[in-house]
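1. Predicted model and sequence below, questions to follow.
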There are 4 protein chains.
Amino acid sequence: MIVVMKPEHTEQDLRQLVSHVEKLGLRTHLSRGERRTIVGIIGERDLIQEIPFTSFPGVEAAHPILQPYKLVNREFKEEDTKIRIGEHVELGGRAIPIIAGPCAVEGREVLDEIADALHALGIPMLRGGAFKPRTSPYSFQGLGELALKYMSDVRSRTGMPVVTEVMDPRDLLLVYKYADVLQIGTRNMQNFKLLTEVGQVDKPVILKRGMAATIKEFLMSAEYILSHGNDKVILCERGIRTFETETRNTLDLSAVPLLKKLSHLPVIVDPSHALGRTDLIPAMACAAVAAGADALMLEVHVRPHEALSDGSQSLTPAALQALLDRVEPVAQAVGRTILRTTAEHHAQVAETAS
Amino acid sequence: MIVVMKPEHTEQDLRQLVSHVEKLGLRTHLSRGERRTIVGIIGERDLIQEIPFTSFPGVEAAHPILQPYKLVNREFKEEDTKIRIGEHVELGGRAIPIIAGPCAVEGREVLDEIADALHALGIPMLRGGAFKPRTSPYSFQGLGELALKYMSDVRSRTGMPVVTEVMDPRDLLLVYKYADVLQIGTRNMQNFKLLTEVGQVDKPVILKRGMAATIKEFLMSAEYILSHGNDKVILCERGIRTFETETRNTLDLSAVPLLKKLSHLPVIVDPSHALGRTDLIPAMACAAVAAGADALMLEVHVRPHEALSDGSQSLTPAALQALLDRVEPVAQAVGRTILRTTAEHHAQVAETAS
Amino acid sequence: MIVVMKPEHTEQDLRQLVSHVEKLGLRTHLSRGERRTIVGIIGERDLIQEIPFTSFPGVEAAHPILQPYKLVNREFKEEDTKIRIGEHVELGGRAIPIIAGPCAVEGREVLDEIADALHALGIPMLRGGAFKPRTSPYSFQGLGELALKYMSDVRSRTGMPVVTEVMDPRDLLLVYKYADVLQIGTRNMQNFKLLTEVGQVDKPVILKRGMAATIKEFLMSAEYILSHGNDKVILCERGIRTFETETRNTLDLSAVPLLKKLSHLPVIVDPSHALGRTDLIPAMACAAVAAGADALMLEVHVRPHEALSDGSQSLTPAALQALLDRVEPVAQAVGRTILRTTAEHHAQVAETAS
Amino acid sequence: MIVVMKPEHTEQDLRQLVSHVEKLGLRTHLSRGERRTIVGIIGERDLIQEIPFTSFPGVEAAHPILQPYKLVNREFKEEDTKIRIGEHVELGGRAIPIIAGPCAVEGREVLDEIADALHALGIPMLRGGAFKPRTSPYSFQGLGELALKYMSDVRSRTGMPVVTEVMDPRDLLLVYKYADVLQIGTRNMQNFKLLTEVGQVDKPVILKRGMAATIKEFLMSAEYILSHGNDKVILCERGIRTFETETRNTLDLSAVPLLKKLSHLPVIVDPSHALGRTDLIPAMACAAVAAGADALMLEVHVRPHEALSDGSQSLTPAALQALLDRVEPVAQAVGRTILRTTAEHHAQVAETAS
């Protein structure tokens, strides 16, 4: 930490600061320039970060030198983290899985219809909301456990691992029982109690970036999960809030290479929620893969205009197929491939299930 | 809702839309201009808002006409909501209470020291964190129930009602037991499960605006609470996230008259969290009162540089006194006054407590 | 400047940096921590700020210690700058002038009507657009010199000094000839050629904050003007662009005390453009004065719905009168007053004019 | 335009609105719902857009139906605009040109060194600043005409067309004389006088998106240029201002497919200015091409740490070569290619020049 003293600070101000800091077992390093005196603070990072330097008399500003996150930091672990999900997916590896499904699970039949269409396309993972964070209390809030059961049945039948959101610590056990991957939604990125809870389970967690979260805050939220014992965290860029209103949010794709530089965790992209409209999704899916995304999350519905939630951003299976045709060559161009399950694999699952 | 068709829409697109909408019991109203055909949708607001119009073939855009919130809407209830807290405070009335205290309760002694200083200044309400939402998992997370007890003891001794944050539905009963007013923090403004829970209790709730929440989303979150039965909601503007970094957030004071126009709920301002620095707080406290704020929340600490959280934005009691001297005439200038408890009142409380 | 080296930097990286810096006549100061090596750079501020430190091999980050602005800096000149305009206005003094008028001058008659209404209310300064920056090329672009003449005639008749925008260096002489105060609009805040030009005249300049300008950039633009010789700069907060759409922009009132802390220049507020709607203007005018604004700019039109530009945010004279009644006590509450010209003064002007 | 009346509007309010609108030759269309009365306004778009509907008594809101831009609109011209530059570049076609060079031209020798390196890599277009918009008045402001001459000499020697910024209408003729493509910088996107001027020349214009410009405003600025006669406009996404500070700005890549949907103009991307750091440029260059960019602008310098401006974001020629190797397969994956000049072409130019 670099502490800058005001030009008019007194020697007593300086002594008070130094003495306070040294009492905590930290060291100081003074540098007097022509216009400013600067105090470097050296020692245990966590200790330093908790001191409210600017509330000391005579202090003008404080500049942190080290990043506040540790376990998620690439300095802490150099190699990429890869996360195995089910039998066929290794997220963070060369093959890029697509996680697709409806925003909300609306019923067994429509879910099966969607899942079968996805399965036929070789999509390896299913997403679907059982508990839905809705802006309006009058909107459909999800089917809860019923939805979890329906998705679990899809998994038995197709072998597709299931991703679903957990919104409330009280639902964690329930969701844990049915899901393969837990999702923390954008509105809960700083729900620290929930982060602490999912930090204590042994299933992978997709952590979505908060709509107004800086990269630093995003990584600190991941740090919550890792610091409680769960290192299977997948970072998901899903658009940030800006002044632009033509898209629902602004997809910050530079977050992808940036996060991969700062952290060893895998990074995925959800263009559906970022854009809030289907027409731009294929181009942005290609861009996400070119930027280095380790997976894509996409909303798919067989009849988007009948969807009970987020229909405006849901692709049809036909549109998804067209998207896959565009994305695959881009994946290959950056030395990767889009992960597709095969007929062989499907037969194997069918056999086990029967 | 006004639905705008694409120039190239077909008659079948139009028929599909109209038939879908009318099947739901809504009415339509067609208007063909030179360049665009427009369909007005008339009927039950909630029903209309759930339809994903832009996912219908041939639809270009959809413009809602009515606000999505009802119970919080000034159209629904014309007169200002006033909320009684303890014996002396009527929030939303002519007298403006100041809610002051430390960011986090750090121990009995320091809390008592702060509370006594506030009490001596006639501050009518105490705030203090027992459960703290901290960006870093390594930061002080609050004393929990112990903090609630200390604050409750302050109330017994001084008569100051206690405001504290609840972060987790599982803590609600505990917090409810000790607090007079429950606070929902900015990071939980869209924690809909928590909103649903505090919607079912009978104590006032301070709902802080999310850092990236629009006014509409803010009011929808308040609607969650009212729609579950609790109409004692206090809206709190505490700064929004913008590109400016000299202040921690940007205090959006125009939200005060705007919210009071759109809704009947009282609106308060927290300049401490918005600014993240003490030097601008007195001027902005004056501005908040001039803009129509019904109360101010202020962080106060006897020794800010020793605070375990947010010391940089904590006023000393002496600074608070100076602030009160500046704010009182402004309150009077807008036909109000700053609510101060009196020695008489203090004697009365002391008598009851003994 | 504090330069932080990457953990993996080599000694040669360090030598290259130090040698480059010292060749420029600057001094360095090394501090080796456990995790990072830090190089302090000491010497001439402007020289330091031009070095692209992060492009040196082995450099991780660079933190500037001094503010980049000098002449506008409160450290450079401690006392408030006051700017005399015409005979009756001292902007930055105790009395707060209101600068009012139509967005654009639309014709002699309507201008006279507006100006007479303002004059009757004792408004001391007239604003009006001759050259209008319009988002659309098909919108009314202003009457140009004709508008300047009309305003100049108003001044002769009423004694009101005239504020008008200059958009193009080629119009400067023309505008200079007629106007008392030159305005640089928000879209031109970083039109450095125009800033350089108005830096060379001897009339006051109102510099509006750019919609996405940080406080630092705003002050740097003022520095352009002062560094070219004109120290009569008036800073104008007029709203910044955020995600909120209920108001046209977000009025950043904390900029007022912040700018007054960092700089000695007067700071004024334009709530009309910030809000883009009239209903919130009275409350925010009060808030601006309470926050310390040295003047208010307000759009006023006799028939807002007939205005050729920005009618939605124009107050009627009656609404202005009501606003004045609300703002005056607030001004007094903060030790100031709203500057109003008197009948006596009007008579005097009339005599001179005849 | 759809005008929504307040619930409490009077019949006279309605009559006043309708009569005003019809006097202008527009038609109205009334629709009375249960809660709101709605007035559709039909007729000439430009006329409608100038009416300040919300300043009419009784009006609550106004929703435009048509986009305000015409000539740049895809509805106006369906096929993609392609722009020929020099002999070898057709911007907007299948082959994607890279426009590279230093931020500012600092002298003949260093420019030649850079240009030769670019030429050797087959880069088809040179960019370089002669007039530099600098935040600080104390920073290097560019060499002016000298820089133009140096770049023009590079063109003679290498055949590379030259792109350079014009900041001031008074410099237009000078810049026109030397440059092949005029650039309007982000800070001048709403310098309407300058837009009007470049709308009257016959050379292509690169229009950079303003840092806080919406897509609509961006297209309206392009409309200025087209409406004055110049239809060779190239839109350039270069990052928007958000709360994130790890990158200088946030590259809004979804603007690429969005602009190409709304408009027929070519769209290019400048990742250097958006990111302000070199490490993320290769990934984002790939992403930009995958998103559909028609060209890339890149800052390149032979010795970035000696650059007089923006060194932190300048690639070395070696880094550019590595980037080209990564981007080429991505271009092919989306059915395009990176345009490279060949030895044959170079020989031809050399012959002509001698």
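-> Good, I have the coordinates. None of the values given here were measured: they were computed from a predicted structure.
2. Please make it C-alpha for all contacts and neighbour counts, starting now.
-> Will do.
3. Could you list the domains of chain A?
-> A:2-63, A:83-353 (automatic domain parsing).
4. The longest one spans what distance, first to last residue?
-> So that's domain A:83-353. For domain A:83-353, the first-to-last residue distance is 25 Å (Cα to Cα, to the nearest Å).
5. Give me the distance between that domain and the centre of its chain.
-> Mean-position distance between domain A:83-353 and its chain equals 9 Å (Cα atoms, centre = their mean, to the nearest Å).
6. Next: the shortest one.
-> If you compare the mean C-alpha spot of domain A:2-63 with that of the full chain, they lie 36 Å apart, counting by Cα atoms, centre = their mean.
7. Please determine whether that domain lies in contact with chain C.
-> Yes: residues of domain A:2-63 are located near chain C by Cα under 8 Å from any Cα of the partner chain, namely A:4, A:29, A:31, A:33-34, A:36, A:42-43, A:63.
8. Is chain D within reach of that domain?
-> No: applying Cα under 8 Å from any Cα, one finds domain A:2-63 separated from chain D by no less than 14.2 Å.
9. hmm, back to that, put the buried members of the residues of domain A:2-63 next to chain C into a ChimeraX selection.
-> The buried residues among these can be selected in ChimeraX (16 or more other Cα atoms under 10 Å in any protein chain shown) with this line:
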select /A:4,36,42,43
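10. Show me the contact partners of the helix or strand that contains A:Pro282.
-> Using DSSP states H and E, A:Pro282 sits in helix A:281-291. Contact with helix A:281-291 is made by A:253-254, A:256-257, A:269, A:271-272, A:275, A:295-296, A:323, A:326-327, A:330-331, A:333-334, D:253-254, D:257, D:283-284, D:286-292, D:330, as judged by Cα atoms under 8 Å, 6 or more residues apart in numbering or on different chains.
11. Put the alpha carbons of that helix into CSV.
-> Taking C-alpha atoms only, helix A:281-291 is exported to CSV below (Å, rounded to 0.1, in the frame of the first residue of the first chain):
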residue,chain,number,x,y,z
ILE,A,281,-26.5,-13.8,-30.5
PRO,A,282,-24.8,-15.7,-33.3
ALA,A,283,-22.3,-13.0,-34.0
MET,A,284,-21.5,-12.5,-30.3
ALA,A,285,-21.2,-16.3,-29.7
CYS,A,286,-18.5,-16.3,-32.4
ALA,A,287,-16.8,-13.3,-30.8
ALA,A,288,-17.0,-14.9,-27.4
VAL,A,289,-15.3,-18.0,-28.6
ALA,A,290,-12.7,-16.0,-30.5
ALA,A,291,-12.0,-14.0,-27.3
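12. any idea of the angle that helix forms with helix D:281-291?
-> Here the directions of helix A:281-291 and helix D:281-291 differ by 160 degrees (axes from the mean of the first three to the mean of the last three Cα atoms, to 10 degrees).
13. and after helix A:281-291, which helix or strand comes next?
-> Past helix A:281-291, the next helix or strand by DSSP H and E is strand A:296-299.
14. Can the following helix or strand past that following strand be said to contact chain D?
-> Once the chain leaves strand A:296-299, the next helix or strand it forms, by DSSP H and E, is helix A:317-333. Yes: using Cα under 8 Å from any Cα, we find that helix A:317-333 touches chain D at A:326, A:329-330, A:333.
15. Okay, buried residues for helix A:317-333 please.
-> Neighbour-count burial for helix A:317-333, with 16+ other Cα under 10 Å as criterion, is recorded at A:317, A:319-321, A:323-324, A:326-333.
16. can these go into JSON lines with extra columns for pLDDT?
-> Formatted as JSON lines, the buried residues of helix A:317-333 follow (pLDDT from 0 to 100):
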{"residue": "A:Pro317", "pLDDT": "97"}
{"residue": "A:Ala319", "pLDDT": "97"}
{"residue": "A:Leu320", "pLDDT": "98"}
{"residue": "A:Gln321", "pLDDT": "98"}
{"residue": "A:Leu323", "pLDDT": "98"}
{"residue": "A:Leu324", "pLDDT": "98"}
{"residue": "A:Arg326", "pLDDT": "98"}
{"residue": "A:Val327", "pLDDT": "98"}
{"residue": "A:Glu328", "pLDDT": "98"}
{"residue": "A:Pro329", "pLDDT": "98"}
{"residue": "A:Val330", "pLDDT": "98"}
{"residue": "A:Ala331", "pLDDT": "98"}
{"residue": "A:Gln332", "pLDDT": "98"}
{"residue": "A:Ala333", "pLDDT": "98"}
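17. which of these lies closest to chain B?
-> Ranked by distance to chain B (Cα to the nearest Cα), these are led by A:Ala319 at 12.9 Å.
18. For the residue of chain A found nearest chain C, list the residues it contacts.
-> Here chain A gets closest to chain C at one residue, A:Phe243, 4.2 Å apart by Cα to the nearest Cα. For A:Phe243, the contact set (Cα under 8 Å, 6+ apart) comprises C:241-244, D:212, D:214.
19. 7 Å - rerun?
-> Residues near A:Phe243 by Cα atoms under 7 Å, 6 or more residues apart in numbering or on different chains: C:241-243.
20. and what of A:Leu182?
-> A:Leu182 sits next to A:163-166, A:204-206 when contact means Cα under 7 Å, 6+ apart.
21. now swap in A:Ser221 and tell me
-> By Cα under 7 Å, 6+ apart, the neighbours of A:Ser221 are A:189-190.
22. For it, pull up the helix or strand it's in.
-> helix A:215-227.
23. and that helix, which residues are buried?
-> Neighbour-count burial for helix A:215-227 flags A:215-227 (criterion: 16+ other Cα under 10 Å).
24. and the closest residue to A:Gln313 other than its chain neighbours, how far is that from B:Phe56?
-> Spatial nearest neighbour of A:Gln313, excluding adjacent residues (Cα to Cα, 6 or more residues apart in numbering or on different chains): A:Arg277 at 4.3 Å. Taking Cα to Cα as the measure, A:Arg277 falls 12 Å from B:Phe56.
25. do A:Gly276 as well
-> Computed as Cα to Cα, the A:Gly276 to B:Phe56 distance reads 14 Å.
26. Count the residues that sit near A:Lys177.
-> For A:Lys177, the neighbour count with other Cα atoms under 10 Å in any protein chain shown is 11.
27. what pLDDT does it get?
-> On pLDDT, A:Lys177 comes in at 97.
28. For it, give me phi and psi.
-> phi -60, psi -40 (degrees, to the nearest 10).
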